[in-house]
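Q: here you go, sequence then predicted model.
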Amino acid sequence: QVQLVESGGGSVESGGSLRLSCAASGYSTIGFCMGWFRQAPAMERGGVAAIGSGKTGHTRYSDSVKGRFTISRDNDTLYLQMNSLKPEDTAMYYCAAQRRAYCSGGMNDWGQGTQVTVSS
């Protein structure tokens, strides 16, 4: 069974840091584009960061997190290092996989999400 499982969410004060992880099981994601998305209450889900296949895949970030968040991967685990967190970063964070090497188009597989709450 294909599964993406996020962890590392929690509550933190503004300016703090969190590191999210996403572990894949049931298949290997090494050759896939992977991404982090987030959804705040009453908002649409939006992309946060993405990384192409391989250990040094091409990365891209949304403007709102550029310079503060870093996406990385190690074998079948995806990470999102989040620094200088702001209250507006509060959301449910989802890991997703696209079954191709380069990030283009929609994602195929989704995790259940991990909550991040940033207090001011």
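A: Now that the structure is in, tell me what you want to look at.
Q: for the most centrally placed residue in the chain, give me its contacts.
A: By C-alpha atoms, centre = their mean, the chain has its centre lying nearest to Trp36, at 2.4 Å. Residues in contact with Trp36 (C-beta atoms under 8 Å, 6 or more residues apart in numbering) are 20, 22, 47-50, 71, 78, 80, 93-96. In this view, the C-beta of every residue, glycine as well, is placed from N, C-alpha and C.
Q: got the residues you listed as a markdown table, with pLDDT columns?
A: Shown next, in a markdown table, are the contacts of Trp36 (pLDDT from 0 to 100):
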| residue | pLDDT |
| --- | --- |
| Leu20 | 98 |
| Cys22 | 98 |
| Gly47 | 97 |
| Val48 | 98 |
| Ala49 | 98 |
| Ala50 | 97 |
| Ile71 | 97 |
| Leu78 | 96 |
| Leu80 | 98 |
| Tyr93 | 98 |
| Tyr94 | 98 |
| Cys95 | 98 |
| Ala96 | 97 |
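Q: do I have it right that Met34 meets Cys95?
A: Yes - the criterion here is C-beta atoms under 8 Å, and Met34 meets it with Cys95 at 7.1 Å.
Q: if I look at these two, which residues touch both of them?
A: 22, 78.
Q: what about stretch 35-47, start to end distance?
A: By C-alpha to C-alpha, to the nearest Å, the extent of stretch 35-47 from end to end equals 8 Å.
Q: low-confidence ranges, the chain, go.
A: Per-residue confidence for the chain (pLDDT under 70) gives these ranges: 55.
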